[in-house]
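In: dropping a prediction and its sequence here:
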Amino acid sequence: MSDLHAASETVLIDDRVRGFPPGNPPLPLAAIGKQGWKPYDGRMALPLISLDRQAFSSNVELMMAYVKSHGAEIAPHAKTPMSTALADALIAAGAWGTTVADIRQTAVLLKAGQRRLILANEIGGAAAARRLAALLAGYPDAEVHVFVDSTALVDALRSAWRERGDLPPLGLMVEFGAGRAGVRSSDAAAAVLDAIVAAETPTFRLTGIAAYEGAAATSDAEETVLRITALMAMTAEFLPKVRSRIGTERPLLVTAGGSVFFDMVVVGLSSAVAADPACRLVLRSGAIFFHDHGIYERGLAGLDARGGFRIGAELASAASGFRPALRVWAEVLSRPEPRLAICGLGMRDVAMDQGMPRPLALYRNGARLADLRGAEVLRLNDQHAFVALADGSDVSVGDVVECGISHPCTCLDRHAILYGLDPDHSVTAAYLTSFG
């Protein structure tokens, strides 16, 4: 454990942070899980976000089993929770490394003690290259692989690495893309490859090829399959061209795979990787470990419809195997109309870019009262959720509503602490997030 990570366990938390009981004396982060708090017992300040620790562990076990059964590795994307403690837990469970999206996230993970990172993004130009170099100068044992899709970025990084002699090796990965960054053709990839090979030194070299298939998705399922299949084919077909340029001995990475279409990545890339003894396939799925009641629920239903979730030779159900681990909790503030409740949960607290939060259960006086079947969040403003209720619904001011979420990546970033819950919803851990 790094000094910074150890310090995070002793940092004092007080009632300026969501969830922490007002008026309670400040507590070290590590002590929060020993107080016996529950989101619905009236002590904790609402709204807050929680992690079902049992569901998270189950998701980790299932995804690791899937990855290993296909002879692949995984570097989970840390941008979803930006929690160094949870990133460490995934490494302890068998992850090959961790993925980050930008230089700041790279700094967070490095300062927490992690050393093998995929920076799964283009970083910018010459100024960004110098910033990355300045960061990595402090970590001589770091193994960082960065995406590149232009000769301009190759030149910028090479200049930054040429300017100083105190940098660890930097791995460059030619990125193929559709719908976002990444080269769009083999000819464009070859130009980037040429630039890297021409500039190679012992501390600046090609380490693989990459893609992100999620950006190729459209609202049409058939079109999505065609676009992702084409992207994977272009990526796979480029691997032998890379190998012919750099020889047979150098280890190479091939990486793709978000949390919805990773089955298509395995199908599209495994054969090419298996044909190259010095190559490994690394998935980057991150949100899968948290799952949700929205975008990923729909995505895993689509994965099952494709028959894509196989562990070994056995077909399994991803939709029933993975469990949503995140919840947001809010109080009922007002019942201004017979079929309307106003809850203290707004756009500052929960994601809405991929769907509204979903009311799941109602709590009163510290006990679970009922499921909230038929309830629906109609809209959010900055501090309020407008919840439509069924006729005769027994919802009162002061009740606590437990909601599922859609899209953890744009929900967790609103919260400084993620409260870990045991099966009876008691807080047994607290995780700092580092969204900056």
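Out: Yes, it's here. Numbering: from 1, shown residues only.

In: how long is stretch 290-310 end to end?
Out: For stretch 290-310, the first and last residues are 20 Å from each other (CA to CA, to the nearest Å).

In: what residues of it count as buried?
Out: Within stretch 290-310, the residues scored as buried using 16 or more other CB atoms under 10 Å are 290-300, 302-304, 308-310. From N, CA and C alone the C-beta is placed, and that goes for glycine too.

In: what about the residues you listed, which are in helices?
Out: Filtering those for membership in helices, criterion DSSP state H, returns 295-300, 302-304.

In: now tabulate those in CSV and tack on pLDDT.
Out: Supplementary listing: these in CSV, determined by pLDDT from 0 to 100:
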residue, pLDDT
Ile295, 96
Tyr296, 97
Glu297, 97
Arg298, 96
Gly299, 96
Leu300, 97
Gly302, 96
Leu303, 97
Asp304, 97
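
In: and which of the residues you listed is nearest to Val183?
Out: The shortest distance between Val183 and any of these, using CB to CB, involves Gly299 and amounts to 25.9 Å.

In: so what's the closest one up against?
Out: Under the criterion of CB atoms under 8 Å, 6 or more residues apart in numbering, the contact partners of Gly299 comprise 259-261.

In: so where's the stretch 151-300 of the chain shaky on pLDDT?
Out: Along the stretch 151-300 of the chain, the model assigns pLDDT under 70 to no residue.

In: quick one: the helices in it, in order.
Out: 151-163, 186-199, 221-246, 262-274, 295-305 (DSSP state H, counting those that start in this stretch).

In: got the angle for the last one vs helix 221-246?
Out: Between helix 295-305 and helix 221-246, the angle formed by their directions is 80 degrees, by axes from the mean of the first three to the mean of the last three CA atoms, to 10 degrees.

In: what about Met232, how many neighbours?
Out: The burial count assigned to Met232 is 24, neighbours taken as other CB atoms under 10 Å.

In: ok, it touching Leu269?
Out: Yes - under the criterion of CB atoms under 8 Å, Met232 makes contact with Leu269 at 5.8 Å.

In: now do the shared contacts for the two.
Out: Common neighbours of Met232 and Leu269, using CB under 8 Å, 6+ apart, are Ala256.

In: can you give me the strands in the stretch 301-436 of the chain?
Out: Remark: strands of the stretch 301-436 of the chain, listed N- to C-terminal, are 310-311, 314-315, 326-337, 340-343, 358-364, 367-371, 376-380, 385-388, 400-404, 417-421, 427-432; assignment by DSSP state E, counting those that start in this stretch.

In: show the average pLDDT along the first one.
Out: Looking back up the chat, that one is strand 310-311. Strand 310-311 comes out with an average pLDDT of 96.

In: which other helices and strands contact it?
Out: helix 53-69 (3 or more CB pairs under 8 Å, 6 or more residues apart in numbering; DSSP states H and E).

In: ok so, going back, rebuild the helices of the stretch 151-300 of the chain as TSV, extending it with distance to Thr98.
Out: What follows is the helices of the stretch 151-300 of the chain, written out as TSV (distance: least, CB to CB, whole Å):
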stretch	distance to Thr98
helix 151-163	21
helix 186-199	23
helix 221-246	22
helix 262-274	17
helix 295-305	20
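
In: skipping adjacent residues, who's closest to Val154 in space?
Out: Ala195 (4.3 Å; CB to CB, 6 or more residues apart in numbering).

In: the one you found against Asp155, yeah?
Out: Yes - under the criterion of CB under 8 Å, Ala195 makes contact with Asp155 at 7.0 Å.

In: neighbour-wise, which of the two wins?
Out: The residue with more neighbours, out of Ala195 and Asp155 and counting by other CB under 10 Å, is Ala195; that gives 19 against 15.

In: right, I'll leave it there.
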